[in-house]
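Student: Provided below are the primary sequence and the corresponding predicted coordinates.
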Amino acid sequence: MAKPVNVEITLRSVKGNQDRLLKRFMKKVKKERIIEEIKDRRHYEKPSAKRRRLNKRKKENARKANAERNRKLNINT
């Protein structure tokens, strides 16, 4: 079970600007990955399928980071 997260923004903290309030709230919700957690829990996922999905994500992130690193090294030399 994930730890409970309280996302709280007050109008006072954004000086009464409701647009800024919504933007800041959505930014905090995305950062805490609340929506993603809800979507993940809608349906049961086998542990092996979850591991496979996470490993695939790790490999993709590593590939992108490596490509970015190579791109930066080629530009600087």
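Tutor: Perfect, thanks for sending it. Worth saying up front: this structure is predicted, and the values here are computed from it rather than measured.

Student: Can you check the pLDDT for Glu37?
Tutor: Note on Glu37: pLDDT of 87.

Student: burial count for Val7?
Tutor: When neighbours are defined as other C-beta atoms under 10 Å, Val7 has 13 of them. Just so you know, the C-beta spots here come from the backbone N, C-alpha and C atoms, and that holds for glycine as well.

Student: Show me where this structure dips below the pLDDT cut-off.
Tutor: Along the chain, the model assigns pLDDT under 70 to residues 1-2, 76-77.

Student: okay, now the domains of it?
Tutor: Domain assignment for the chain, taken from automatic domain parsing, gives 1-43, 45-77.

Student: any idea where the helices of this structure begin and end?
Tutor: In the chain, the segments counted as helices under DSSP state H are 18-32, 34-41, 47-76.

Student: Could you export those as TSV, including mean neighbour count and distance to Val5?
Tutor: Putting the helices of the chain into TSV (neighbours: other C-beta atoms under 10 Å; distance: least, C-beta to C-beta, whole Å) gives the following:
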stretch	mean neighbour count	distance to Val5
helix 18-32	13	5
helix 34-41	11	6
helix 47-76	10	21
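
Student: Same list (these) but as a markdown table, adding distance to Pro4.
Tutor: Converted to a markdown table, the helices of the chain look like this (distance: least, C-beta to C-beta, whole Å):
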| stretch | distance to Pro4 |
| --- | --- |
| helix 18-32 | 11 |
| helix 34-41 | 10 |
| helix 47-76 | 22 |
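
Student: residue contacts, Glu32?
Tutor: Neighbouring residues of Glu32 by C-beta atoms under 8 Å, 6 or more residues apart in numbering: 5, 7.

Student: phi, psi of the residue lying closest to Ile34 once chain neighbours are set aside?
Tutor: Using C-beta to C-beta, 6 or more residues apart in numbering and skipping residues adjacent in sequence, the residue nearest Ile34 is Val5, 6.5 Å away. When read as degrees, to the nearest 10, the backbone of Val5 gives phi -120, psi 130.
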